[in-house]
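>>> okay, here's the prediction I keep looking at, along with the sequence it came from:
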Amino acid sequence: MQALILAGGKGTRLRPLTIHTPKPVVPIVNKPFLNYQIDLLKRAGVKDITLSLSYQPGKIEEIFADGQDYDVRIHYAVEASPLGTGGAYKNAEKYLTETAIVFNGDVLTDMDLARIVAHHKERKAAATVVLVPVENVSAYGVVETDSEGRVQRFVEKPKPGETTSNTINAGCYILEPHILNYVPAGETYSFEYQIFPSILKAGEPFYSYIWNDYWLDIGKPQSYLQANYDLINDKLPVFPVYRHNPQFGNSEDAPKIDYVSVVDPSCTIKPGVEIINSVIGPNCIIEEKARIENSVVWAASRIGKEAVICNSIIGKSGIIGKSSVVDGAILGDKSSLTDYTII
């Protein structure tokens, strides 16, 4: 088994966080996001992994190198210009000689990939698409299937009445090597609009697998925050969170960190600080009586005395002035707020 992670997107929905940090390595509970997908693949016994990259590829290669530190073998297929999901798949062709798991690089999930691959092989499928049920399908690509799970039709972002299905494309596919023959080399191509319709037209055995457990697209600020909340609240037991929070005495003004929050041990946490349901990255300084709740603070940021941060994301090396109030904000790297700012 091999795997391809489609990690070339610019992460425009997560800007300004992704201006200097490619979306595949934005920190989720202080680990680059791709770690979670690599760990999931390893659980299924897949250690031959190709990363399809386009946007700031050097920053991703610098972290993962050849994969040895992660007990996998990593190849890189870098696009000179974006080729779409299907074109990126074709661009990695030389690394895909066996049945392959193809994963969108912005999906956090606890999928049992070994079970899904077994389902694919039992049905002698040429292609399998993983589906998840959602309440509102209008923002997604809906997949209609028959009673045996064979794929019948794809409906992108359907309007009311266009489909009765509530299962959407989860961004995970199991593909046999010959599926690459449906994709012309060097062209911008799409799984949803071109490859999958071609497979259907050819009458290939094309099946679905419905995943009813955890699935989240982390590509928007609110879902990025939700991913952090869900992990620290143990909603994904396959990814246990190990806390090495700084330790404090029991004095009345000692900092208070609740039992779910994750604070990197390199941080400086001053007296009177409160941290609730939040993640604090490495080398941050949290000044006296600051309060951080339902938020993520990236590395090397300074939160001023008596500042309040709620429902927000603070990018790397941010400076939040004393007595500031930040609620529901997304601040990019090196953002600086003067004392007493309210946003």
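Yep, that arrived.
>>> for the closest residue to residue 28 other than its chain neighbours, which residues are in contact?
In this structure, residue 28 finds its nearest non-sequential neighbour in residue 227, 5.4 Å apart by Cβ to Cβ, 6 or more residues apart in numbering. Every C-beta, even on glycine, is put in place using the N, C-alpha and C of the backbone. With contacts defined as Cβ atoms under 8 Å, 6 or more residues apart in numbering, residue 227 is in contact with 28, 108, 216, 218.
>>> max pairwise distance over these: which two?
28 and 216 (10.3 Å; Cβ to Cβ).
>>> quick one: the helix ranked longest in the chain to chain centroid distance?
For the chain, the helix with the greatest residue count under DSSP state H is helix 221-232. Here the centre of helix 221-232 is set off from its chain's centre by 10 Å, with Cα atoms, centre = their mean, to the nearest Å.
>>> got the buried residues for that helix?
221, 223, 224, 225, 227, 228, 229, 230, 231, 232 (16 or more other Cβ atoms under 10 Å).
>>> ok, now how distant is the third one from residue 132?
The reference is to residue 224. Applying Cβ to Cβ, to the nearest Å, the value for residue 224 to residue 132 is 18 Å.
>>> tally of neighbours for residue 308?
20 (other Cβ atoms under 10 Å).
>>> please report the distance of it from residue 32.
Residue 308 is 29 Å from residue 32, by Cβ to Cβ.
>>> C-alpha coordinates for the longest strand along the chain, PDB please?
Criterion DSSP state E: the longest strand present in the chain is strand 167-175. The C-alpha trace of strand 167-175 is given here as PDB (Å, rounded to 0.1, in the frame of the first residue of the first chain):
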ATOM      1  CA  THR A 167     -23.500  11.900   1.900                       C
ATOM      2  CA  ILE A 168     -20.600  14.000   0.700                       C
ATOM      3  CA  ASN A 169     -17.100  13.300  -0.600                       C
ATOM      4  CA  ALA A 170     -14.800  13.100   2.400                       C
ATOM      5  CA  GLY A 171     -11.600  13.700   0.500                       C
ATOM      6  CA  CYS A 172     -10.300  10.200   0.800                       C
ATOM      7  CA  TYR A 173     -10.000   7.700  -2.000                       C
ATOM      8  CA  ILE A 174      -8.700   4.200  -2.600                       C
ATOM      9  CA  LEU A 175      -7.400   3.900  -6.200                       C
END
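>>> what residues does stretch 323-337 touch?
With Cβ under 8 Å, 6+ apart, stretch 323-337 has contacts from 15-17, 19-21, 221, 298, 304-321, 338-343.
>>> now with 7 Å?
16-17, 19-20, 221, 304, 306-321, 339-343 (Cβ atoms under 7 Å, 6 or more residues apart in numbering).
>>> same thing with stretch 17-33?
7, 9-11, 14, 34, 36, 55-56, 59-60, 63, 105-106, 218-219, 224, 227-228, 231-232, 241, 262, 264, 279, 281, 298, 313, 315, 330, 332-333.
>>> tell me which residues of it are tucked away?
17-18, 21-30, 32-33.
>>> low-scoring stretches of the stretch 1-150 of the chain, by residue?
137-140 (pLDDT under 70).
>>> okay, helices next: where are they in it?
Counting by DSSP state H, counting those that start in this stretch, one finds helices in the stretch 1-150 of the chain at the ranges 34-43, 57-64, 84-91, 113-122.
>>> and the second one, how far out from the chain middle?
Between the centre of helix 57-64 and the centre of its host chain there is 16 Å, according to Cα atoms, centre = their mean.
>>> please apply the same query to the last one.
Between the mean C-alpha point of helix 113-122 and the mean C-alpha point of its chain there is a distance of 23 Å (Cα atoms, centre = their mean).
>>> so what's the residue count around residue 213?
For residue 213, using other Cβ under 10 Å, the count is 11.
>>> now it, nearest residue through space, not along the chain?
residue 110 (5.9 Å).
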